[in-house]
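**Q** Below are the sequence and a predicted model; questions follow.
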Amino acid sequence: MDDVGENQITIKDQIKKFALKSLIGYQTVLVYGLGYRLGIFDYLYKKGKKLEEINRISELNFSVDELSKELGLDFRYIDGWLHMGLECGLFEIDQSSKKTFKPVIFVYDILINRDNMFFIGGTLMGFYLSSLIQDIWFNNFKTGKLVNILTMPSEMIQIGQNICTTSGIRTEELFSTKFKDKKRALRQGGSILEVGCGYGYNLAIWAKKYKKAKIIGIDIDPKGLKQAKQMVEENNWNDRIQILEIKINEFANFYKEQFDLIMLNHVLHEINPDEIYRQQVLNDLYGLLKVDGILIVGEHIIPSIYEPKKEFNFFEIWHKWYETPANSVFYNEETFKALINKTLFEKADLIKERGDYFWALKK
């Protein structure tokens, strides 16, 4: 075997990567995905929230008997699931009480508490769900068949939107840092339109941050809108938030007021891929925007498959792979600017800070 340099990858490195790390990672995704679907992580979330209120979150623990009884799950299966969760590093034995377990440090923040800015549970669920449709993908490789994204299982659509919640949080944080004047205007009672609001996850982020802003969310998915409307009801937001089932062009034709901020959060790539159609959508939104307004387009920038790797793009490429059956069409920086140059918008700035970014379009 040839000698290897200090920074050269060895066969031992590759074995460790593919045979050990990938195996543990894959099992972690399976354990998390099952726990999520069975309601275990939601149960721990609610239990944790009660403990947070009295500053005792460190006391969050549970037993196999407890999960079996409270969630109506078979003891034997819970035992096997939990044992794998222990081995994958999700949980550990709680030494403070008998036969109980607790989340490993920071697991509550990143995999249980969906309100935490570091929550990545939605991302893991996306990986989990993609493993469930391998047979569909396998057949589509041979037939080239594409699917309407709205005909996909509602659970997949909902989880997919939940994945984008993390990027929605980052987008709002980046917006409030880079556009402080607009941030102040929204806090004083501006107006926001979210196009493709779906289940309302992203809309809720902005509603909680800008409590005086008037917000309208539009979409064409009745299942998602049902949950979004329920969310508005539960939070008593009816006086300032409307949820409408309507197409973009129809809304643009009847709605006469203009908005301070319009958002397309991971929506553009799912719209009809015809370039003329997308240009018209953007022109419709142009007409709904105030003179000094901003259209935020949150989209993963996908480099060409032939472009040499320059930076970490795993999540961007995974997004493209995940939505391949849905005929989603993404952009890189060059092709996105080419699209905007054919619309009424005068400016398209890429607002970026470390790995977080969005496009800010202006008149």
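**A** That came in fine, so what should we check first? Numbering: from 1, shown residues only.

**Q** what about the longest helix in the protein?
**A** Of all the segments assigned as helix in the chain under DSSP state H, the longest by residue count is helix 154-178.

**Q** Could you check the angle the next helix-or-strand element following it makes with helix 154-178?
**A** Next along the chain after helix 154-178, taking DSSP states H and E as the criterion, comes helix 180-187. Helix 180-187 runs at 120 degrees relative to helix 154-178, counting by axes from the mean of the first three to the mean of the last three CA atoms, to 10 degrees.

**Q** Could you pull out the buried residues of helix 180-187?
**A** The neighbour-count criterion (16 or more other CB atoms under 10 Å) identifies K182, K183, A185, L186 as the buried residues of helix 180-187. C-beta: built from backbone N, CA, C; applies to glycine.

**Q** Distance from that helix to the middle of the chain?
**A** 25 Å (CA atoms, centre = their mean, to the nearest Å).

**Q** Repeat that for stretch 262-277.
**A** Chain-centre distance of stretch 262-277: 17 Å, with CA atoms, centre = their mean.

**Q** could you show me where the helices are in the stretch 151-300 of the chain, in order?
**A** With helices called from DSSP state H, counting those that start in this stretch, the stretch 151-300 of the chain shows them at 154-178, 180-187, 201-209, 222-234, 248-254, 275-288.

**Q** Just put those helices in CSV and tack on distance to P303.
**A** Below are the helices of the stretch 151-300 of the chain laid out as CSV (distance: least, CB to CB, whole Å):
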stretch, distance to P303
helix 154-178, 18
helix 180-187, 30
helix 201-209, 25
helix 222-234, 30
helix 248-254, 28
helix 275-288, 20
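
**Q** would you list these in JSON lines and tack on mean pLDDT?
**A** Shown next, in JSON lines, are the helices of the stretch 151-300 of the chain (pLDDT from 0 to 100):
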{"stretch": "helix 154-178", "mean pLDDT": "81"}
{"stretch": "helix 180-187", "mean pLDDT": "95"}
{"stretch": "helix 201-209", "mean pLDDT": "94"}
{"stretch": "helix 222-234", "mean pLDDT": "94"}
{"stretch": "helix 248-254", "mean pLDDT": "95"}
{"stretch": "helix 275-288", "mean pLDDT": "98"}
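
**Q** what's the closest of these to D260?
**A** D260 sits nearest to helix 180-187 of all these, at 5.9 Å, using CB to CB.

**Q** other SSEs contacting that closest one?
**A** helix 154-178, strand 259-265 (3 or more CB pairs under 8 Å, 6 or more residues apart in numbering; DSSP states H and E).

**Q** Please convert these to JSON lines, extending it with mean neighbour count and distance to T343.
**A** Formatted as JSON lines, the helices and strands packed on helix 180-187 follow (neighbours: other CB atoms under 10 Å; distance: least, CB to CB, whole Å):
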{"stretch": "helix 154-178", "mean neighbour count": "19", "distance to T343": "21"}
{"stretch": "strand 259-265", "mean neighbour count": "24", "distance to T343": "13"}
